[in-house]
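Trainee: pasting the sequence and the predicted model now:
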Amino acid sequence: MTQELFIAGITIMLLAFIQNISFSLVSRSRNRDNMKYHIIASGFSNTIWFLTFKELILHDMTLWVLPFYMVGTITGSVFGVKISMRIEKWLGASSDSHLKK
């Protein structure tokens, strides 16, 4: 693998990592009682999704990018849930708030 391809792979891995953090945030925000949180998470998620797929298309989505993409998405998803839990606690955003009334 050339240095250029390796750098492209790392770029895709980083974008996939951020993409799955943002996906975890927006997925969890859908079930919370804070619409501002959901709007921000949704904008972040859609922007990163666009940038990630733009990069994948630039590299013809060939199989050599798959390991980089997989590592980025798996670690990003796990990390994103942790971040989301901290944000929810900070905002006081909860699920099922309608049941507490």
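Mentor: Okay, I see it.
Trainee: nearest residue to Ala16 in space, please, no chain neighbours.
Mentor: Computed as Cβ to Cβ, 6 or more residues apart in numbering, the closest residue to Ala16 that is not its neighbour in sequence is Gly72, at 2.9 Å. In this view, the C-beta of every residue, glycine as well, is placed from N, C-alpha and C.
Trainee: below-threshold pLDDT in this structure: ranges please.
Mentor: 96-101 (pLDDT under 70).
Trainee: what segments of the protein are strands?
Mentor: For the chain, strands defined by DSSP state E do not occur.
Trainee: tell me which residue is most central in it.
Mentor: The centre of the chain sits closest to Asn20, judged by Cα atoms, centre = their mean, with a distance of 2.4 Å.
Trainee: from Thr73, how far off is that residue?
Mentor: The span separating Asn20 from Thr73 equals 5 Å under the rule Cβ to Cβ, to the nearest Å.
Trainee: where exactly do the helices run in the protein?
Mentor: Ranges of helices within the chain are 3-29, 35-58, 66-91, based on DSSP state H.
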